[in-house]
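K.L.:
Give me coordinates for this.
(2 chains)
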Amino acid sequence: MLTLKQITDDKQAVIAGLEKKHFAGATEAIEAVLQYSEERKAAQQKKDAASAEMNKIAKSIGQLMAQGKKDEAEEAKKHTGTLKQDIATYEKEMAEAEKKQTDTLLTIPNVPYSVVPEGKTAEDNRAVKTGGFALPEDAQAKMNGFDCEGIALGGWDEKWNPQPAEARLPHWDLAKQYNLIDFDLGVKISGAGFPVYVGQGARLQRALINFFLAEAAKAGYTEIMPPTVVNQDSGYGTGQLPDKEGQMYHCNTDDLYLIPTAEVPVTNIYRDVIIEESKLPVKMCAYTQCFRREAGSYGKDVRGLNRLHEFSKIEIVRIDTPEHSDASHREMLSHVEGLLQKLELPYRILRLCGGDMSFTAALCYDFEVYSEAQKRWLEVSSTSNFDTYQANRLHCRYRRQEDKKTALCHTLNGSALALPRIVAALLENNQTESGIRIPKALQPYFGSEMIVK
RNA sequence: GGAAAGAUGGCGGAGUGGUCGAUCGCGGCGGUCUUGAAAACCGUUGACCUGAGAGGGUCCGGGGGUUCGAAUCCCUCUCUUUCCGCCA
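P.N.:
Numbering: from 1, shown residues only, chains lettered A, B, ... in the order given. Presented below is the predicted three-dimensional model:
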């Protein structure tokens, strides 16, 4: 959540930011917070004064008793009755005002950075870069009307004969043909959205996980293997609770949640922690299964691997100083971009507009890969800077070197990468007459250079 | 699942109703000494709210209660450890 200081420092800037995010009632919400804050301060000042008086009397009674002056002590006690009641009243006022203030703050989203484009929906997101490889027909066809400058053709050895465009299949057909993924079996065991990976399909999963983890390790991220169920405090810490309660699977008996992303357990490592500035940036990566209920999604957008209830993802998380977080963010972007280049996939990077960004983000870039058989861009990574918004909830602070004071950290995270849509694009974009080609960088992890029937 | 013990500052560990935000040790930081380092010695060392400042307030796992006054007494919740049982 936003800090009170952010609001008092520059109220108008905060309101303008919230309007860019298309948050209705920004002015009213901010004014309400400020009013509750004043109420709380007033109540606290009254309460502090009464408490100070009470402490003084209590101390003097102690001294009088020690000196054996029982009568004077009894006399002093008489004054404490009303004082005690006053303190209780003021404390109640204070707690009520504080609760209203926090409750209101929790409903207010993060303020976007100035570089975030205006706009309301995904239509308004701005493509900032395009790159990678595509098959000839698709690159020339200007994928989905977007400018594809930067996307190169092929990049394949001569020994491969790409399937002609009209013969290319969507991944759900390929998964069946090559016996890689059994969606029906998943329905039997668990339900829709829980695919069963088989044989080379399972091996491809493992290869990608290892590849992504190895690349993250090379980039200096410490590998974490966290729990995949978390308690309520963790859910609140990273902001999934209370607003997105319905998105997570909940284990009733034990009141635990299945994680929707490794961001939750990994970022919560630093909940209620004060980090020495010299230790920043903290760089962590984690592979976990992710669980999403995703209620209310239907149609061809969710076919095959496009949207699942359970999937594998490698997440990178950084905790940094306010001064360096932007540089950190750029490093994360180039890390993710590097992965897509090594996988030889056509991709584009979008800077999300104010209205399409998540509740908690201050700046967010999406990575999308072009799926040649589906003729669609698929989101495979979302890389965000949360500024102090998450850290404020997490109470994640650092001790500044220069003055030894504590200040809120910035938190960042990004997928690097989520598997299912990468698998979809890899299968669809690498169809050849003799099988499905595996990009060079992935071959050592997969153990061979193609998927065969 | 059964039984017992416990939860105090970065860590260890005192403190059982009255200047206790808390003795002490370690660690950290500053200094003396040293060519440098170590050792030794001296000093310093929690977080949060409020206030221009002086100051005031809150915090000894969480919540509630008793009392003029609670780290200390009572209730309750959570967690941890040990032993037994079960299991990978």
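K.L.:
What mean pLDDT does stretch A:126-133 get?
P.N.:
Stretch A:126-133 shows a mean pLDDT of 89.
K.L.:
Kindly report the same for stretch A:178-197.
P.N.:
Here the average pLDDT along stretch A:178-197 is 93.
K.L.:
what does stretch A:256-264 give?
P.N.:
pLDDT averaged over stretch A:256-264 gives 92.
K.L.:
next one: stretch A:359-373
P.N.:
So the average pLDDT for stretch A:359-373 ends up being 91.
K.L.:
Mind listing what's buried along that stretch?
P.N.:
Across stretch A:359-373, burial judged by 16 or more other CB atoms under 10 Å covers A:360-373. Heads up, the C-betas are built off the backbone N, CA and C, glycines and all.
K.L.:
Could you work out the most separated pair of these?
P.N.:
A:Ala362 and A:Ala373 (36.1 Å; CB to CB).
K.L.:
wait, what's in contact with the residue nearest to A:Tyr398 when sequence neighbours are not counted?
P.N.:
Distance criterion CB to CB, 6 or more residues apart in numbering; nearest residue to A:Tyr398, sequence neighbours excluded, is A:Ile275 at 4.5 Å. By CB atoms under 8 Å, 6 or more residues apart in numbering, the residues touching A:Ile275 are A:282, A:319, A:396-399, A:409.
K.L.:
A:Ile275: which element?
P.N.:
strand A:274-276 (DSSP states H and E).
K.L.:
partners of that strand in the sheet?
P.N.:
strand A:397-399 (parallel) (DSSP bridges).
K.L.:
and A:Val14, how many neighbours does it have?
P.N.:
Using other CB atoms under 10 Å, the number of residues around A:Val14 comes to 21.
K.L.:
isn't it right next to A:Ile30, touching?
P.N.:
Yes. The pair formed by A:Val14 and A:Ile30 meets the contact definition of CB atoms under 8 Å, at 6.1 Å.
K.L.:
Give me the common contacts of these two.
P.N.:
Contacts common to A:Val14 and A:Ile30, judged by CB under 8 Å, 6+ apart, are A:Ile7.
K.L.:
Check whether stretch A:249-259 comes near RNA strand B.
P.N.:
No. Judged by CB under 7 Å from any atom of the strand, stretch A:249-259 stays clear of RNA strand B, getting no closer than 8.2 Å.
K.L.:
which residues are in contact with that stretch?
P.N.:
So stretch A:249-259 is in contact with A:227-232, A:235, A:240, A:248, A:265, A:288, A:290-291, A:293, going by CB under 8 Å, 6+ apart.
K.L.:
again, only this time at 10 Å
P.N.:
A:226-232, A:234-235, A:238, A:240-241, A:245, A:247-248, A:260, A:264-266, A:268, A:288-293, A:309-310, A:315 (CB atoms under 10 Å, 6 or more residues apart in numbering).
K.L.:
what subset of the residues you listed is also close to RNA strand B?
P.N.:
Okay, of these, nothing touches RNA strand B (CB under 7 Å from any atom of the strand).
K.L.:
taking the residues you listed one by one, which sit in helices?
P.N.:
A:232, A:234-235, A:238, A:264-266 (DSSP state H).
K.L.:
And the residues you listed, which of them are buried?
P.N.:
Among those, those scoring as buried are A:234-235, A:238, A:264-266 (criterion: 16+ other CB under 10 Å).
K.L.:
Check the residues you listed and tell me the two furthest apart.
P.N.:
Greatest spacing in those, by CB to CB: A:Gly235 and A:Val266 (13.6 Å).
K.L.:
RNA strand B contacts on chain A?
P.N.:
A:4, A:41, A:44-45, A:47-49, A:51-52, A:54-59, A:61-62, A:65, A:77, A:80, A:84, A:274, A:397, A:399, A:404, A:406.
K.L.:
and with 6 Å instead?
P.N.:
Within chain A, the positions near RNA strand B by CB under 6 Å from any atom of the strand are A:41, A:44-45, A:48, A:51-52, A:54-55, A:57-58, A:61-62, A:65, A:77, A:80, A:84, A:406.
K.L.:
Which of the residues you listed fall within strands?
P.N.:
A:Thr406 (DSSP state E).
K.L.:
Mind giving me the PyMOL command for buried ones among the residues of chain A next to RNA strand B?
P.N.:
Buried residues among the residues of chain A next to RNA strand B (16+ other CB under 10 Å), as a PyMOL selection:
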select buried, chain A and resi 44+51+54+61
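K.L.:
got the buried ones among the ones in helices among the contacts of stretch A:249-259 as JSON lines, with distance to A:Gly435 columns?
P.N.:
Below are these laid out as JSON lines (distance: CB to CB, whole Å):
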{"residue": "A:Ser234", "distance to A:Gly435": "44"}
{"residue": "A:Gly235", "distance to A:Gly435": "44"}
{"residue": "A:Thr238", "distance to A:Gly435": "42"}
{"residue": "A:Val264", "distance to A:Gly435": "38"}
{"residue": "A:Pro265", "distance to A:Gly435": "38"}
{"residue": "A:Val266", "distance to A:Gly435": "37"}
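K.L.:
Next step: the residues of chain A next to RNA strand B restricted to helices.
P.N.:
A:41, A:44-45, A:48, A:51-52, A:54-55, A:57-58, A:61-62, A:65, A:77, A:80, A:84.
K.L.:
Tell me which two of those sit farthest apart.
P.N.:
Every pair of these checked by CB to CB; the farthest is A:Lys41 and A:Met65, at 36.1 Å.
K.L.:
In contact with the closest residue to A:Tyr36 other than its chain neighbours, which residues?
P.N.:
Among residues not flanking A:Tyr36 along the chain, A:Gln101 sits closest, at 3.8 Å (CB to CB, 6+ apart). Applying CB under 10 Å, 6+ apart, we find A:Gln101 in contact with A:4, A:32-40.
K.L.:
For RNA strand B, see how far away A:Ser382 is.
P.N.:
Separation of A:Ser382 from RNA strand B (CB to the nearest atom of the strand, to the nearest Å): 31 Å.
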